[in-house]
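Student: 3D model of this:
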Amino acid sequence: MSELDLSGSVRGWGGQLPQPTRLPKVSVVLRKAYGMGAVAMCGHQSGQILTLVWPSGEFGALPVEGGVSAGHRSALETAEDETGKRAELENYYKQFGSPFSTAETFNFDDLVDPRDTRPLLIRALRTARAGNTAPLGPKVRHGIMP
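Tutor: The predicted structure is shown next:
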């Protein structure tokens, strides 16, 4: 077990996941979205009104380089040309992390040119503001006072 597993720090990070609010939430994936970070940032359960992805976005459970090292360790060690084999495997797996191949899996709304991002964000926020009759901000909760 790793030191992180023994310390239970991942359990402590659970409170950092998004909490439900009535504020409009938009996500723009500029570069990399991996693992639980991608789920918290732009997963379909995150409650955002819009998710945009730039063509430079990468998706996956973990970065390709680390995944190849972990998943193909024995094949890399026994290969005659380790760097060539590593490059071949990385190129193969990179095709699955492109935004074009993961559009449906990660459930984002649009793959946009970076120059078109601002007008789309403005339109989404204006639409959210027009359709929201409740006051913005976290829900007011009245519990038992200490």
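Student: Quick one: mean pLDDT for stretch 23-40?
Tutor: For stretch 23-40, mean pLDDT rounds to 81.
Student: got the end-to-end distance for that stretch?
Tutor: 16 Å (CA to CA, to the nearest Å).
Student: now swap in stretch 96-110 and tell me
Tutor: First-to-last distance for stretch 96-110 - CA to CA - comes to 18 Å.
Student: Geometric centre of the protein: which residue is closest?
Tutor: Ala38 (1.7 Å; CA atoms, centre = their mean).
Student: same for the helix or strand encompassing that residue, what does it pack against?
Tutor: Assigned by DSSP states H and E, Ala38 belongs to helix 35-42. In terms of contacts (3 or more CB pairs under 8 Å, 6 or more residues apart in numbering; DSSP states H and E), helix 35-42 is packed against strand 26-29. (Each C-beta comes from the backbone N, C-alpha and C, glycine too.)
Student: hey, C-alpha coordinates of the strand it packs on in PDB?
Tutor: Provided in PDB are the C-alpha atoms of strand 26-29 (Å, rounded to 0.1, in the frame of the first residue of the first chain):
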ATOM      1  CA  VAL A  26     -20.000  26.000 -17.100                       C
ATOM      2  CA  SER A  27     -16.900  23.900 -17.900                       C
ATOM      3  CA  VAL A  28     -14.300  24.500 -20.600                       C
ATOM      4  CA  VAL A  29     -11.700  21.700 -21.100                       C
END
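Student: got the contact list for that strand?
Tutor: Contacts with strand 26-29, where a contact means CB atoms under 8 Å, 6 or more residues apart in numbering, come from 38, 41-42, 46, 48-54, 57, 59, 99, 108, 117, 121, 124-125.
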